[in-house]
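Visitor: When you get a sec, could you give me coordinates for this:
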Amino acid sequence: MQFTPDSKGFYARDNSGHSIKYSDLNTAKEVIKTPEKIVAIDLSPDGKKIAGISDNKNTGSLYLWSTSNFAAELHTLPAGNLTAVSFYPDGIQLVIGNGNGRVWTVPASALPFKELNGHIRELSGHTGIIEQIKFNHGKTHMVTASKDFTIRLWNIEKLNDAPILLSEHDWVWSVAFSPNDQQLVAGINSVKEGLTTTDYTIHAYPTNITEMADKLGKYAEGKNLSKEEWDSYAKGLVYEKTFEKFSNGEGVKEDAK
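Guide: Below is the predicted model of the structure:
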C-alpha cells in the first residue's frame, strides 16, 4: 500500500498481485491490471509514477506506470526473482532487491535497461531474500531488510562506506522509520527449527547516537571501557571515555554530568 503525497488516497496491490487499485479513502477502483504477478510496488515522491516488480524467476520485470493515464513501461533486469522496489527520495533513481540478496541502484534516466551499461550499481552484503527497502524522512539513509537475519542501514551519500549492520535472530519481514527518524522499527518472524512457538515481534533500534548511548548506558554496569577493553574492541583508535557520567575506565572517578 502506498499513500499519495497529499495523503488523500492510496494505491494497493490486489487480486493476488495481478491488479493495482486506487482508493480516495471513500471508494476504490482498479486502475492497473497485469498478466504477471506484481510482488511489490512503490510510488514516486511526486506521485507521478508507480514502480512494480514481478515474481518472474528467470528475468526481472520492472513496470513503470504513469498515474496520469496508467500507461505502462516494461523493462527487464539482468536477474530475476525480484522481491523489493523503492524510489530514491529524489525520484530519479530506483533501488531493487531480489531473492538472492542482491540490491541494485538504478537511475531511471538510464532506462531502458539495455542502456544501463555502467549505470547499474550493486550493493553487496545480503545473502537472503530482500523483503523491504525504505528511506528515512530526512532523505539521508536507506535500510534494507532481509531473510538472512540482518538489517543494513546505508548512508545514501556514502554508499562506498560499509552500512551499519543490525543482526537479528530470524527473518526480517518489514522495516519503518519513526516520523522523527530517531528510531528504526523492524517486524520479525521466527522460523528457526526447534522453536516451540512462532515468534512474531517488533524490534526498535535508536538511530540517533545520543539516544543509542543513553540506552546502552543501562547495560554498562556503571563504568567505561578499561584501557585493555578499549584496545580489544577499538584497536587503533585513541582512548576516550564512552560515558561521561561514569569513571574513565582507569580507576579515576568523576562527578556525574
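
Visitor: in stretch 140-151, what's buried?
Guide: Going by neighbour count (16 or more other Cβ atoms under 10 Å), the buried part of stretch 140-151 is His141, Met142, Val143, Thr144, Ala145, Ser146, Lys147, Asp148, Phe149, Thr150, Ile151. (Glycine included, C-beta is placed from N, CA and C.)

Visitor: mind showing which ranges of the protein have poor pLDDT?
Guide: Applying pLDDT under 70 to the chain picks out residues 108-119, 191-199, 209-213, 215-216, 219-222, 245, 247-257.

Visitor: What residue spans form the domains of it?
Guide: 2-208, 220-257 (automatic domain parsing).

Visitor: Quickly compare those domains and say which is most buried.
Guide: Mean neighbour count (mean count of other Cβ atoms under 10 Å) peaks for domain 2-208 among the domains of the chain, with a mean of 16.

Visitor: can you pull the contacts of Pro89?
Guide: By Cβ atoms under 8 Å, 6 or more residues apart in numbering, the contact set of Pro89 is Pro45, Phe135, Lys139, Ile156.

Visitor: again, only using 7 Å
Guide: By Cβ atoms under 7 Å, 6 or more residues apart in numbering, the residues touching Pro89 are Pro45, Phe135, Lys139.

Visitor: so it, which of the three states?
Guide: Under DSSP: H, G, I helix; E, B strand; the rest coil, the three-state class of Pro89 is coil.

Visitor: separation between Trp230 and Ile164?
Guide: To Ile164, Trp230 is 21 Å away according to Cβ to Cβ, to the nearest Å.

Visitor: Ok, Thr201 next?
Guide: In terms of Cβ to Cβ, Thr201 sits 21 Å off from Ile164.

Visitor: What of Thr59?
Guide: 33 Å.

Visitor: all strands in the stretch 101-250 of the chain, in order from the N-terminus.
Guide: Secondary structure of the stretch 101-250 of the chain, counting by DSSP state E, counting those that start in this stretch: strands at 103-107, 121-123, 130-135, 141-146, 150-155, 164-167, 171-177, 183-189, 200-206.

Visitor: would you list these in TSV and tack on distance to Thr83?
Guide: Formatted as TSV, the strands of the stretch 101-250 of the chain follow (distance: least, Cβ to Cβ, whole Å):
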stretch	distance to Thr83
strand 103-107	10
strand 121-123	15
strand 130-135	5
strand 141-146	9
strand 150-155	15
strand 164-167	19
strand 171-177	12
strand 183-189	15
strand 200-206	20
